[in-house]
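Undergrad: this one's sequence-less:
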């Protein structure tokens, strides 16, 4: 899930280091074959992460839910792992940065072996990749975020890393490279992007460009006042609907088998995807031994279902029908809302942060008033999509 403030971001990332460490400590207590050196190294990494960001352990544990969730669930998750591999050598390793660079969703890996784990590159070691969702509830999850253009490209190509895609011929590119320049036209030809896709991307780029000009170029969007706030809300709805109305007809031209493959990969439900671990304030959900979760994955990856596409409110909704024409999920498989993302364009927008006069902003290196447009950060304003899967409505409920 996306973090909000800088402290939110730090604490969320800290939990991705903390959870594998806490699980290893609990595994050790259970008598699992896990090396002390591995625990010590992870502890050092965790302590350094907090220290480098000016946080202490108490602040991390008491800030919202991220640290609390790790502390609450680590013991039971360790029991699950130990029960599955009672006589094996076990280790856990954070891989979030490395895997994002490869376009994968895993945040940490569980290493299982018949012998002492010395090298993580040992081919005899079984590696289980786990995608971690640390959030307030386990009922639903956000799987993938991006821009309107990156969503379209994500339906056509595999992701290589953040903002990167790879063509079937191995060409690595970014969505921002697709334009009317000589290089852009050469890239379009090289990655075999259809004219229909090019026209759609140009349309979406134009919507984004016009919206950015409206709020970033001139006096109108200098302050996020009530007038601008209402205008922003309306643009989120109206421009998002314009995008959806153009994207759905395009999706219907894509080969259903290929489109299904990309939807399942985006949501994490492909047959060869990572395991899922969702932490909530009260419960957690693990796919490792979840029969219903595994049955759904098997069904979605079979030839007995067909993908469906429809507009639902402000979303593109994907679902599946069985051979009898009945929907697998009455309320849809996943929803993709199309909206706009401020990305911190205005300084301290909430009412609780209200102040008079000016305050010096370290990153912007200038003084700004309450809700004033940030000269640098505002350039990150963009279109926005997310993939939301309601696990509860799919019938996937916590087993703990």
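TA: Sure, I can see it. This one's a predicted model, so the numbers in the text were calculated from it and none came from an experiment.

Undergrad: mind checking which helix or strand of the chain has the lowest mean pLDDT?
TA: For the chain, the helix or strand with the lowest mean confidence is helix 96-100, at a mean of 81 (criterion: mean pLDDT, DSSP states H and E).

Undergrad: what are the contacting residues of it?
TA: Under the contact criterion Cβ atoms under 8 Å, 6 or more residues apart in numbering, helix 96-100 has outside partners 16, 105, 106, 107, 108, 129, 161, 162. The C-beta positions use only the backbone N, C-alpha and C, and glycine is treated the same way.

Undergrad: for the last one, which non-adjacent residue is spatially closest?
TA: The reference is to residue 162. residue 100 (5.9 Å; Cβ to Cβ, 6 or more residues apart in numbering).

Undergrad: ok, now how distant is that neighbour from residue 319?
TA: Counting by Cβ to Cβ, to the nearest Å, the separation of residue 100 from residue 319 is 28 Å.

Undergrad: likewise for residue 389?
TA: With Cβ to Cβ as the criterion, residue 389 and residue 319 are 12 Å apart.

Undergrad: more neighbours: these two, which one.
TA: residue 389 (24 against 20; other Cβ atoms under 10 Å).

Undergrad: who are the contact partners of the nearest residue to residue 31 once chain neighbours are set aside?
TA: Once flanking residues are discounted, residue 31 sits nearest to residue 82: 7.9 Å by Cβ to Cβ, 6+ apart. Contacts for residue 82 were tallied using Cβ under 8 Å, 6+ apart; they are 27, 30, 31, 32, 90.

Undergrad: what's the most distant pair in these?
TA: Farthest apart among the contacts of residue 82 by Cβ to Cβ are 31 and 90. That separation is 11.0 Å.

Undergrad: please say which of those two ends up with more neighbours.
TA: Neighbour count, other Cβ under 10 Å: between residue 31 and residue 90, residue 90 has more, with 24 against 9.

Undergrad: quick check: bridge partners of the more buried one?
TA: For residue 90, the beta-bridge assignment (DSSP bridges) gives partners residue 112.

Undergrad: isn't it right up against residue 26?
TA: No - contact criterion Cβ atoms under 8 Å: residue 90 and residue 26 do not qualify, at 11.3 Å.

Undergrad: residue boundaries of the helices in the stretch 301-400 of the chain?
TA: 391-394 (DSSP state H, counting those that start in this stretch).

Undergrad: next one: the chain
TA: 6-30, 36-52, 57-62, 66-84, 96-100, 148-154, 182-190, 195-216, 226-251, 256-267, 291-300, 391-394 (DSSP state H).

Undergrad: and of those, who's closest to residue 350?
TA: Set against residue 350 and scored by Cβ to Cβ, those come closest in helix 226-251, at 11.5 Å.

Undergrad: ok, and for the closest one, which residues are buried?
TA: Within helix 226-251, the residues that count as buried by 16 or more other Cβ atoms under 10 Å are 228, 232, 235, 236, 239, 240, 243, 244, 246, 247, 250, 251.

Undergrad: tell me the one of those nearest residue 40?
TA: Among these, residue 236 lies closest to residue 40 (Cβ to Cβ), at 48.3 Å.

Undergrad: what residues are up against the nearest residue to residue 371 once chain neighbours are set aside?
TA: Excluding the flanking residues, the one nearest residue 371 by Cβ to Cβ, 6+ apart is residue 224, at 4.2 Å. Neighbour list for residue 224: 232, 345, 346, 349, 371, 373 [criterion: Cβ under 8 Å, 6+ apart].

Undergrad: if we can go back for a sec, of the contacts of helix 96-100, buried ones?
TA: By neighbour count, with 16+ other Cβ under 10 Å, the contacts of helix 96-100 hold 16, 105, 106, 107, 108, 129 as buried.

Undergrad: lowest-confidence one in those?
TA: Taken together, these show their lowest pLDDT at residue 105, with 79.

Undergrad: ok, that residue to residue 159 distance?
TA: Taken as Cβ to Cβ, the span from residue 105 to residue 159 is 10 Å.

Undergrad: so how far is residue 172 from residue 270?
TA: For residue 270, the distance to residue 172 equals 21 Å [Cβ to Cβ].

Undergrad: give me the more crowded residue out of those two.
TA: Per other Cβ under 10 Å, whichever of residue 270 and residue 172 has more neighbours is residue 270, with 17 against 12.

Undergrad: name the nearest residue to the more buried one, ignoring sequence neighbours.
TA: residue 264 (4.4 Å).

Undergrad: go on, residue 280?
TA: Computed as Cβ to Cβ, 6+ apart, the closest residue to residue 280 that is not its neighbour in sequence is residue 138, at 3.9 Å.

Undergrad: do the same with residue 347
TA: Per Cβ to Cβ, 6+ apart, closest to residue 347 is residue 368, 4.4 Å.

Undergrad: and the one you found, what does it touch?
TA: Listed by Cβ under 8 Å, 6+ apart, the contact partners of residue 368 are 347, 358, 359, 361, 374.

Undergrad: do residue 129 as well
TA: Contacts here follow Cβ under 8 Å, 6+ apart; on that basis residue 129 touches 95, 99, 104, 105, 106, 109, 274, 275.

Undergrad: bridged to the residue nearest to residue 347, which residues?
TA: residue 359.

Undergrad: so it versus residue 222, what's the distance?
TA: 10 Å.

Undergrad: could you do residue 343 as well?
TA: 17 Å.

Undergrad: same check, this time on residue 298
TA: 54 Å.

Undergrad: higher neighbour count, those two?
TA: Using other Cβ under 10 Å, the more surrounded residue of residue 298 and residue 222 is residue 222, with 15 against 10.

Undergrad: isn't the more buried one right up against residue 372?
TA: Yes - between residue 222 and residue 372 there is a contact at 6.6 Å, judged by Cβ under 8 Å.

Undergrad: can you pull the contacts of the residue with the largest distance to the centre of the chain?
TA: Within the chain, the residue lying farthest from the chain centre (Cα atoms, centre = their mean) is residue 357, at 37.4 Å. For residue 357, the contact set (Cβ under 8 Å, 6+ apart) comprises residue 369.
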